[in-house]
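> Next input, structure requested:
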Amino acid sequence: MSTNTGIRVDPQQILDDGYIVLRNVIPPSMLDELRASFEVLVERQKAIWAQGRQPDDPPGGVWEIAPQPRVWLNDLLDESTADTLAFCLHENTLGVSSQLMRAPDVGLHQLALMCNPVRDHGPDRWHRDTGPDVDPPLAGLHLDMLENGPGYVQWNIPLHDDNVLWVVPGSHRRANTDAEDRQLMADDRAPLPGGIPVELEAGDGVVYTNFILHWGSNYSARRRRTIHIAYQSFGGPLYRYFHLWWNLDFTKNLPPAVREPFERWDRAIMHEHDLIEVIYRAILNQDADAFRSGLAALHPGEKGRMVCVAILCKQAQKLHAFTRPDYASRPEAEQARVVNSHFHHLYEDVARRFTLEELDQLWQRFATLDAKLQADTHQMVAGTQSAPTKYRVYDMPAAFDVEDFIASWALVTGQNL
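So this is what the prediction gives:
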């Protein structure tokens, strides 16, 4: 983990408010050079988008269509632009993120640049970066974070002045209010009660928990180049609910000093997969003691472990769907609803450890929990990244803990544990 010698922060602030605004995250002496390097990456991506445009697309393809063109750095980096990645490992970014998490190591999760569209697209929708189809209910995520600290934080760091992002302070700790739900259902592209703009000058930054209510308030043609990066914990009190967005291949042409942290983080994620395999095999073998031991290793914090079980349930559901024989023949959009393409290599690594029959059986072992994570009726979901869903948006299942989950295996097999 980085030992910070730059900006100092109070970890309690992100628990209280859900975000922290920091000035001069990019040291002024670095700003012009970073602008130039990031622009090289933008031009590389624009050329790729133009080459890959569809027959009915304009000449620039995605660049001319998207309301918020987003450049994924790991697809484009080389030694000449490695300073962009080095900044993501800086004390003012990685170092601050390390201060906010109670973990022995903190790694870079995703690295991107958000750009302006070529024409005005107006506001986006208010949302939290979660959805009950793929994540545990929000109350569980809130509990886990407040008890064990954040396991994941996200940043916006503009290369030019930026006030696009709005947040509702404190909304990361609670469900939507009735007033918020009414506004979101009426118009989820208008200001919310209590929402405020995050005013950032070039080089400033905001770090936030991504299940705060937030809003891209205006995707206009005004020049925008905002670094959008995220960090995750390894070995801390909780097992975070987000996966890496890169694989190690993108580092092969980068300097050793930049490549080494990614090699360390790759070993850390493989260790997590080892623990997940242990837990899943304990479930398959109905070995309650091995399950408890594996769960405690993956989520050392005693409070919040049921949230980790819910995450493992969602992952088992994806593994089951991802490995079905017809998966490859499904339309691309349908595949993406199962597993985002950025995550394929991660699910492939866990999936290869089990037979199809074992994954079938594993998903059956989660049947009781999955049913309890569902609501009585399909719900419209205001302010999350989800279509109408059968899954609970906010509340965790009542009176159902880790020991109840263990006992539920017998309901599937008819055996006493």
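> make it CA atoms for all contacts and neighbour counts henceforth
Fine.
> What residues sit buried inside the longest helix along the chain?
Across the chain, the longest stretch assigned as helix under DSSP state H is helix 256-284. By 16 or more other Cα atoms under 10 Å, the buried positions in helix 256-284 come out as 258-259, 261-262, 265-266, 268-269, 272-284.
> Next: stretch 22-38.
For stretch 22-38, the buried set under the neighbour-count rule, 16+ other Cα under 10 Å, comprises 22, 24-26, 31, 34, 37-38.
> how far out from the middle of the chain is it?
25 Å (Cα atoms, centre = their mean, to the nearest Å).
> How about stretch 211-225?
Stretch 211-225 sits 18 Å away from the centroid of its parent chain (Cα atoms, centre = their mean).
> Just the C-alphas of it, formatted as PDB.
Output in PDB follows, covering the C-alpha atoms of stretch 211-225 (Å, rounded to 0.1, in the frame of the first residue of the first chain):
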ATOM      1  CA  PHE A 211     -23.600   4.500  -4.600                       C
ATOM      2  CA  ILE A 212     -24.100   8.200  -3.700                       C
ATOM      3  CA  LEU A 213     -26.900   9.700  -5.800                       C
ATOM      4  CA  HIS A 214     -25.100  11.600  -8.600                       C
ATOM      5  CA  TRP A 215     -25.800  13.200 -11.900                       C
ATOM      6  CA  GLY A 216     -24.100  14.200 -15.100                       C
ATOM      7  CA  SER A 217     -26.000  17.500 -15.300                       C
ATOM      8  CA  ASN A 218     -25.100  18.600 -18.800                       C
ATOM      9  CA  TYR A 219     -23.300  16.800 -21.600                       C
ATOM     10  CA  SER A 220     -22.600  19.900 -23.700                       C
ATOM     11  CA  ALA A 221     -20.100  20.500 -26.400                       C
ATOM     12  CA  ARG A 222     -18.000  22.600 -24.000                       C
ATOM     13  CA  ARG A 223     -14.500  21.000 -23.900                       C
ATOM     14  CA  ARG A 224     -14.300  18.300 -21.300                       C
ATOM     15  CA  ARG A 225     -11.400  16.000 -20.500                       C
END
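> Need the contact partners of it.
Applying Cα atoms under 8 Å, 6 or more residues apart in numbering, the contact partners of stretch 211-225 are 18, 67-68, 113-130, 158-162, 164-173, 189-190, 383.
> Relative to residue 109, how far out is the nearest residue to residue 112 once chain neighbours are set aside?
Nearest residue to residue 112, sequence neighbours excluded (Cα to Cα, 6 or more residues apart in numbering): residue 72, at 4.4 Å. Distance, residue 72 to residue 109, using Cα to Cα, to the nearest Å: 12 Å.
> ditto for residue 178
Distance of residue 178 to residue 109, given as Cα to Cα: 34 Å.
> next one: residue 195
In terms of Cα to Cα, residue 195 sits 27 Å off from residue 109.
> Compare these two and say which one has the larger neighbour count.
Legend: neighbour count by other Cα atoms under 10 Å for residue 195 and residue 109, higher for residue 109 (19 against 15).
> Give me the sheet partners of whichever strand or helix holds the more buried one and which way each runs.
Element membership of residue 109, judged by DSSP states H and E, is strand 105-115. Next to strand 105-115 in the sheet, as set by DSSP bridges, lie strand 70-72 (antiparallel), strand 225-234 (antiparallel).
> Next, the angle helix 256-284 makes with it.
Orientation note: strand 105-115 sits at an angle of 110 degrees relative to helix 256-284 (axes from the mean of the first three to the mean of the last three Cα atoms, to 10 degrees).
> now strand 105-115: how far from the chain's centre is it?
With Cα atoms, centre = their mean, you get 10 Å for strand 105-115.
> Which residues does it contact?
Contact partners of strand 105-115, identified using Cα under 8 Å, 6+ apart, comprise 1-2, 68-74, 88-89, 94, 97-98, 223-236, 243-246, 261-262, 265.
> Find me the pLDDT at residue 74, would you?
Residue 74 is assigned a predicted lDDT (pLDDT) of 87.
> my bad, should have said residue 333
66.
> List only buried entries from the contacts of stretch 211-225.
Buried members of the contacts of stretch 211-225, counted by 16+ other Cα under 10 Å: 18, 67-68, 113-118, 121, 123-130, 158-162, 164-173, 189, 383.
> Please enumerate the strands of the protein.
Along the chain, the segments classed as strands by DSSP state E run 19-22, 70-72, 105-115, 152-158, 165-167, 196-197, 205-208, 214-216, 225-234, 374-379, 389-391.
> where does the protein have low pLDDT?
The chain contains residues with pLDDT under 70 at 1-5, 242-244, 332-344, 380, 385-386, 412-417.
> quick one, domains of it?
Domain assignment for the chain, taken from automatic domain parsing, gives 11-139+149-261, 268-413.
> Pick the most deeply packed of those domains.
Mean neighbour count (mean count of other Cα atoms under 10 Å) peaks for domain 11-139+149-261 among the domains of the chain, with a mean of 19.
> Quick check: bridge partners of the closest residue to residue 70 other than its chain neighbours?
Distance criterion Cα to Cα, 6+ apart; nearest residue to residue 70, sequence neighbours excluded, is residue 114 at 4.7 Å. Beta-bridge pairing of residue 114 under DSSP bridges involves residue 70, residue 226.
> mind starting the numbering at 17 from now?
Let's use 17 as the start, then, which means that last one is residue 130.
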